[in-house]
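Engineer: output the structure for:
(chains A and B)
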Amino acid sequence: MTRVKLPPWLVLLLPAFIIIAAVVLVPLLLSLYSSFTPYHLTRPDTLWKVNFPFNYQKALTDANFWAAFGRTVLLLTVALNLEMLLGLGLALMVSKVTQGQRLLRTAMMFPMMFSPILVGFQFKFIFNDNVGLVNNALQSLGLADRAIPWLVDGNLALFAIICAEVWTSTSVFAILILAGLYAIPQDPLEAAKVDGCSPWQSFRFVTLPFLMPFIYIAMAIRSLDVARAYDIVQVMTNGGPARRTELLWTLIGRTGYVDARMGYANAMGYVAILLSIAFTVYFFLKLQRARRDLGMGD
Amino acid sequence: MASVTRHRLNKRLLRAGHLIGLFVAMTVICLPGLWVVLNSFRPTVEIMAKPPVWIPNDLNLDHYRAMFGGAGEGGVPVWTYFRNSLIVSVTSTLIALLVGMAGGYAFARCRFKRKSTAFVVLMASRAVPGVALSLPLFIIFGRTGIIDTHFGLILVYVAMNVPFTIWLIDGFFRQVPRELAEAAEIDGCTRWQAFWKVEFPVARAGIASAGIFAFLTSWNEYALASQLTRSVTSKTMPVGLLDFTSQFTLNWGGMCALAVLMILPALVLTFIVQKHLIAGLTFGGVKG
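Structural biologist: Next up is the predicted model:
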């Protein structure tokens, strides 16, 4: 038997690439093709009719699509920044604690174990206008005289969704930033103190730059999974009321499975895919640069 | 003197603010989860009571009994879902770890052109949103007949977990000094033996934490599972949660009971490897 000598890195990476090609790449090519057709789940023969720019034209001129697109970007921007700030605050508070820190760290990881779909149900329950925890508490404390329709009003529903999203993901940021805080060398901080920096200045100019790579790691890890919000929104409002919380992902899911218009759904799906990949690549490049700046890269 | 008192007062205020902030943050973090646990023990009447009942006065196991009771009143094939979840998650985690170890080792030890490009491409494949991926997978799996099987779901989860597993394991292998394996090879080990006898044991904790991550992802995944599973033969627990919903009503208590069953294994696993988890994420990422 003649053996072709492959370089060892290729042999080692081959299984990973084969599996990813089979489960991600091939389906993506299929969805790219079917986005060029009027493919309808109930009429399989429509898969062979190419009507190239139609689906894309339709998507690009569809006001609902652009509304969902804008809302998705808005939600991601607000949620990611909020998670980062809250995570930073939480990590700073926990790092200052002297006793029982291990317990706090453990409690901090609690939300990470919840399935996003479970988080959706949980917050649907909490924000329920009739028996939900939030309304019950507000009414018992006398802060509101009647039930606030959290998931029925468009803006309030978006707020509720952001709450759920932030609740699940803040701990990811907090834990990674906390690990960064532990790893900070003490010398520059002491030097800053000797030189007369205020606590704020030493945080801003010593601690924060050192934490940046850790923040980017957290962002990069989160960006791998931004579409997790789909599960939450799907359960909490399913895009309603009257499309006021419709995100790209829920719009795609509904068009594909409920309306069975697979071709059109795949065309919109491509926009969502490109958006997610753009987020991920952006943060990974940022991460690589931050690593190089700290001299930790290759 | 006045300034010293003021300074002391400031310090005390700061400390109080710190404690209050921490308390509020921890309450917000823990409360939603604990509320789910609490509600799984309360009768539906009490959950739905208006005005609300704040201090539970009737805790019982009715929801658990109904859930495990099988057919009839609120019965859901929980054990089947649990078994499906377990089979799919464990199998896909093990395969993802093997594939990830090979890949991570390649990234940590081999030099090749376009390494960082390969890495980013790998990560980008993980970023494809489940719902967008589920459309073509639904078509392909439907045609090839692996829809609604364990095999189909395992395949998808392996592909989902491999990139992240590679990233974490890569970081851990980098922490193992090259000299260790080289010394073993000088002592007469083959490359293969050196890996299993020297490098693997050192990086074992990190590999375990990558495994937990893969397990949790598969255990909790919904977007793909909801489309690729149809019946009790392959439905996992996150999809099973929807059995408690009907068109207009929601069985909150029953759902909470299943939720507790879902969280428990995740909780136990996470606490076991807590320390390695953090180390794995950060050092894998920063030094990687």
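Engineer: report the distance from stretch B:97-115 to the chain centre.
Structural biologist: Offset of stretch B:97-115 from its chain centre (C-alpha atoms, centre = their mean, to the nearest Å): 23 Å.
Engineer: so is that stretch next to chain A?
Structural biologist: Yes: looking at stretch B:97-115 against chain A by C-beta under 8 Å from any C-beta of the partner chain, the contacts come from B:L98, B:V99, B:G100, B:A102, B:G103, B:Y105, B:A106, B:F107, B:C110, B:R111, B:F112. In this view, the C-beta of every residue, glycine as well, is placed from N, C-alpha and C.
Engineer: what of stretch B:22-39?
Structural biologist: Yes: for a cut-off given as C-beta under 8 Å from any C-beta, stretch B:22-39 has contacts with chain A, namely B:L22, B:A25, B:M26, B:V28, B:I29, B:C30, B:P32, B:G33, B:W35, B:V36, B:N39.
Engineer: most surrounded residue in the residues you listed?
Structural biologist: With neighbours taken as other C-beta atoms under 10 Å in any protein chain shown, the top of the residues of stretch B:22-39 next to chain A is B:N39, carrying 24 neighbours.
Engineer: surely that residue is in contact with B:L258?
Structural biologist: No: because the distance of 11.9 Å does not satisfy C-beta atoms under 8 Å, B:N39 is recorded as not touching B:L258.
Engineer: if we can go back for a sec, between the residues of stretch B:97-115 next to chain A, which is nearest A:S198?
Structural biologist: Distance to A:S198 across the residues of stretch B:97-115 next to chain A (C-beta to C-beta) is lowest for B:F107, with 42.8 Å.
Engineer: how far off centre is the strand or helix carrying that closest one?
Structural biologist: Here B:F107 is covered by helix B:78-109, with elements defined by DSSP states H and E. With C-alpha atoms, centre = their mean as the basis, the distance from the averaged C-alpha position of helix B:78-109 to the chain average is 12 Å.
Engineer: what's near enough to touch residue 243?
Structural biologist: Defaulting to chain A. Applying C-beta atoms under 8 Å, 6 or more residues apart in numbering or on different chains, we find A:R243 in contact with A:N64, A:A67, A:A68.
Engineer: actually chain B
Structural biologist: Taking C-beta under 8 Å, 6+ apart, one finds B:V76 in contact with B:D243.
Engineer: mind checking what secondary structure it has?
Structural biologist: Reducing the assignment to helix, strand or coil with DSSP: H, G, I helix; E, B strand; the rest coil, the entry for B:D243 is helix.
Engineer: and if you look at B:V45?
Structural biologist: The three-state label for B:V45, taken from three-state DSSP, comes out as helix.
Engineer: state the pLDDT value of A:V4.
Structural biologist: A:V4 is assigned 69 on the pLDDT scale.
Engineer: typed the wrong thing, it's B:A225
Structural biologist: The predicted local confidence for B:A225 comes out at a pLDDT of 89.
Engineer: how much space between it and B:L242?
Structural biologist: Between B:A225 and B:L242 the distance, using C-beta to C-beta, to the nearest Å, works out to 11 Å.
Engineer: ok, back up a step: which ones among the residues of stretch B:22-39 next to chain A are found in helices?
Structural biologist: The helices in this structure, assigned by DSSP state H, contain B:L22, B:A25, B:M26, B:V28, B:I29, B:C30, B:P32, B:G33, B:W35, B:V36, B:N39 from the residues of stretch B:22-39 next to chain A.
Engineer: for the fourth one, what are its contacts?
Structural biologist: In other words, B:V28. B:V28 sits in contact with A:W167, where contact means C-beta under 8 Å, 6+ apart.
Engineer: same thing but at 10 Å, please
Structural biologist: A:L86, A:L90, A:P111, A:C163, A:V166, A:W167, A:T170 (C-beta atoms under 10 Å, 6 or more residues apart in numbering or on different chains).
Engineer: those residues: which two are farthest apart?
Structural biologist: Checking the contacts of B:V28 against each other with C-beta to C-beta, the farthest-apart pair comes out as A:L90 and A:C163, at 15.6 Å.
Engineer: neighbour count winner among these two?
Structural biologist: For A:L90 versus A:C163, neighbours defined as other C-beta under 10 Å are more numerous around A:L90 (25 against 20).
Engineer: from A:V233, how far off is the more buried one?
Structural biologist: 25 Å.
Engineer: near chain B at all, the helix or strand where A:L14 lies?
Structural biologist: Secondary structure here is read from DSSP H and E; on that basis A:L14 sits in helix A:8-20. Yes: remark: helix A:8-20 sits within contact range of chain B at A:8-20, by C-beta under 10 Å from any C-beta of the partner chain.
Engineer: which elements pack onto the next helix or strand along the chain from that helix?
Structural biologist: Tracing the chain past helix A:8-20, the next element assigned as helix or strand by DSSP H and E is helix A:26-34. Secondary-structure packing of helix A:26-34 (3 or more C-beta pairs under 10 Å, 6 or more residues apart in numbering or on different chains; DSSP states H and E): helix A:262-293, helix B:130-144.
Engineer: please pull up the helix or strand immediately following helix A:26-34.
Structural biologist: Downstream of helix A:26-34, the first helix or strand assigned by DSSP H and E is helix A:53-60.
Engineer: report all helices and strands that the helix or strand just after that next one contacts.
Structural biologist: Beyond helix A:53-60 in the direction of the C-terminus, DSSP H and E gives the next helix or strand as helix A:63-96. Identification of packing neighbours for helix A:63-96 by 3+ C-beta pairs under 10 Å, 6+ apart yields helix A:53-60, helix A:101-108, helix A:154-183, helix A:208-223, helix A:229-236, helix A:248-253, helix A:262-293, helix B:2-39.
Engineer: quick one: mean pLDDT over helix A:63-96.
Structural biologist: Per-residue pLDDT values over helix A:63-96 give a mean of 90.
Engineer: and it, which residues are buried?
Structural biologist: Buried residues in helix A:63-96, counted by 16 or more other C-beta atoms under 10 Å in any protein chain shown: A:65, A:68-69, A:71-72, A:75-76, A:79-80, A:82-84, A:86-95.
Engineer: cool, stretch B:110-123 as well?
Structural biologist: Of the residues in stretch B:110-123, those scored as buried under the neighbour-count criterion (16+ other C-beta under 10 Å) are B:A118, B:F119, B:V120, B:L122, B:M123.
Engineer: center of chain A, which residue is that?
Structural biologist: To find the centre residue of chain A, average its C-alpha atoms and take the closest one (C-alpha atoms, centre = their mean): that gives A:V226, at 2.2 Å.
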